[in-house]
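Enquirer: Model the structure of this input:
(chains A and B)
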Amino acid sequence: MPDLLSHAASAYLVKNIKPQSSLFGKRYFGMVLLGVFLPDIIARGTMVLFPEWTLTAQFFHTPVACFFQTVLISTFFIRKQRVRVFQALTLGWILHQTFDLAQTNLGPGFYYVLWPLYDHPLRFGLFESTDWPWVALITVLLAIVSEFFQKKNARK
Amino acid sequence: MKIINRCLKNHPFWSGWISLCLLLLGAIYFHSSIIVERFAREEVSNHNPGTEPGFFWGRLEKSPLKGHVEFKDRSGGIVRFSSSTKKSTLHAMTIVEGYLNPDRTIHILQREDHANILLKFGSSALALGFLLWKLFQIFHISKKGLRLAPRKQQ
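Expert: From the prediction side, this is the model:
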């Protein structure tokens, strides 16, 4: 996985592509960020708490598991906001999965994106997982620059 | 999407419980359909020496044998190989591709060291702190459930 800093930066980049969407407003953008972190929070959290279940914890990183986690979290919100929270979280974890697919490492990998339809991990291999410091630096810089220009445009 | 909207709006209690049950069932099915087979293929202790190469992931540790390091995977399987590994890569996560020799050594074809994993955890912790701060700014607890509203608008 790229580190969480890169994932957060990717959310800001997407936000600045379509800033007028209500999902990127002050109310729901926090939930998009939570969605971006969600696959790693649950999967890595399980790995830390139960190291003997490290491989099984990869299930919580699959889109199927993310979908049910999103439904579960959304049910805790007031009726009026439930659907928007669901949409914001879903956008977040889709972004996370897309970014994760871009990296590659030695071996088959752990991203079972199409499970249970397809039993093998997938990846596009745009960069090596050991290159994450450069990926983090570039995405964070791009996010800061896009945020700066977006705020400048909003002031106009 | 309409079904999800309806379930979330009208049946949050059952939507939540069914999701939780499906998550647990999914984890069990994932373990039996994927992980058991990967354990058999990718753990040192399950791998027969002299057979075709495999991928193993674990960490490197100092070996009592001079000029060697030990690779310990999560199953507790230990193999040795001769290497002049830097101190920084010891204890960090490593993925190796190679085949086992009968004398508990490994012939390495490829190796990937994740030496700066602590830095990765550090930057992720920073991002997690940022997320908590963002959530603190918008989260409100009411009798009807959690509510999102920027603090300034109150």
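Enquirer: which residues in chain B form helices?
Expert: B:2-10, B:12-30, B:36-42, B:117-138 (DSSP state H).
Enquirer: Chain A too?
Expert: Using DSSP H, helices in chain A cover A:4-17, A:29-49, A:63-74, A:79-101, A:132-155.
Enquirer: any idea how far A:V14 is from chain B?
Expert: Distance check for A:V14 against chain B: by Cβ to the nearest Cβ, to the nearest Å, it reads 16 Å. C-beta coordinates here come from the backbone N, C-alpha and C atoms, glycine included.
Enquirer: Report the contact partners of that residue.
Expert: A:91, A:95 (Cβ atoms under 8 Å, 6 or more residues apart in numbering or on different chains).
Enquirer: Quick check: A:Y112 touching A:R123?
Expert: No. Here A:Y112 lies out of contact with A:R123, judged by Cβ atoms under 8 Å, at a distance of 10.8 Å.
Enquirer: Please identify which of these two sits among more neighbours.
Expert: Taking other Cβ atoms under 10 Å in any protein chain shown, A:Y112 and A:R123 do not tie; A:Y112 has more neighbours (23 against 17).
Enquirer: need the contact list for the more buried one.
Expert: Contact analysis of A:Y112 by Cβ under 8 Å, 6+ apart lists A:58-59, A:61-62, A:118-122, B:30, B:34.
Enquirer: Let's have the helices of chain B in CSV, adding distance to chain A, mean neighbour count and mean pLDDT.
Expert: Below are the helices of chain B laid out as CSV (distance: least, Cβ to the nearest Cβ, whole Å; neighbours: other Cβ atoms under 10 Å in any protein chain shown; pLDDT from 0 to 100):
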stretch, distance to chain A, mean neighbour count, mean pLDDT
helix B:2-10, 5, 13, 91
helix B:12-30, 4, 16, 96
helix B:36-42, 6, 14, 78
helix B:117-138, 4, 15, 90
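Enquirer: and the ones you listed as a markdown table, adding distance to A:Q81?
Expert: Listed next are the helices of chain B as a markdown table, based on distance: least, Cβ to Cβ, whole Å:
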| stretch | distance to A:Q81 |
| --- | --- |
| helix B:2-10 | 10 |
| helix B:12-30 | 12 |
| helix B:36-42 | 40 |
| helix B:117-138 | 11 |
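Enquirer: so which of the ones you listed gets nearest B:L100?
Expert: helix B:36-42 (12.2 Å; Cβ to Cβ).
Enquirer: what's the spacing between the closest one and its chain's center?
Expert: In terms of Cα atoms, centre = their mean, to the nearest Å, the gap separating the centre of helix B:36-42 from the centre of its chain is 15 Å.
Enquirer: can you check stretch A:92-108 too?
Expert: On Cα atoms, centre = their mean, the centre of stretch A:92-108 falls 9 Å from that of its chain.
Enquirer: repeat for stretch B:37-57
Expert: 18 Å.
Enquirer: One more: stretch A:8-22?
Expert: That offset, for stretch A:8-22, works out to 13 Å (Cα atoms, centre = their mean).
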